[in-house]
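Visitor: this one's sequence-less:
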């Protein structure tokens, strides 16, 4: 089967909604979350840090818009961590080589960029409140 045949198979594929398949996708997603909680130290560390941010936000009385921004950051960070983990698991199925290392490093770099963004946003949100308290 050449690439044109594969492409046309996906283009011509009829999409039908199936409740059973839809529910199965949620089951798979919940399974992924369980794996993150059970096996991924970085995921747990990020959840712990987010809990501290939530406590600080409650204590300092941040605005509704600031909560929205933080919740968005939480979702992006945890999603990126799980994607990074899945990429690492996938490439480890192959024999380790320079390309595998590059793929793993790129996925980790994506998480690092998001973490730096989170820190910058956190400082922009919390510094004015902290200055007001001090």
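Guide: Great, that's in hand. A quick note: this is a predicted structure, and the numbers were derived from the prediction, not measured. Residues are numbered from 1 along each chain as shown.
Visitor: Against residue 127, how distant is the residue most central in space within the chain?
Guide: Centroid check for the chain by Cα atoms, centre = their mean gives residue 79 as the closest residue, at 1.3 Å. Applying Cβ to Cβ, to the nearest Å, the value for residue 79 to residue 127 is 26 Å. Glycine gets a C-beta too; all of them are placed from N, C-alpha and C.
Visitor: With residue 93 instead?
Guide: Going from residue 93 to residue 127 by Cβ to Cβ gives 44 Å.
Visitor: same check, this time on residue 98
Guide: Applying Cβ to Cβ, the value for residue 98 to residue 127 is 42 Å.
Visitor: Check which residues of the lengthiest helix in the chain are buried.
Guide: The helix that spans the most residues within the chain, counting by DSSP state H, is helix 98-133. For helix 98-133, the neighbour count (16 or more other Cβ atoms under 10 Å) marks 100, 104, 107, 108, 111, 114, 115, 118, 122, 125, 126, 129 as buried.
Visitor: Run the chain-centre distance for it.
Guide: Relative to its chain's centre, helix 98-133 lies at 12 Å (Cα atoms, centre = their mean, to the nearest Å).
Visitor: Pull the contacting residues for residue 67.
Guide: residue 57 (Cβ atoms under 8 Å, 6 or more residues apart in numbering).
Visitor: what about it, is that helix, strand or coil?
Guide: Secondary structure, DSSP: H, G, I helix; E, B strand; the rest coil: residue 67 is helix.
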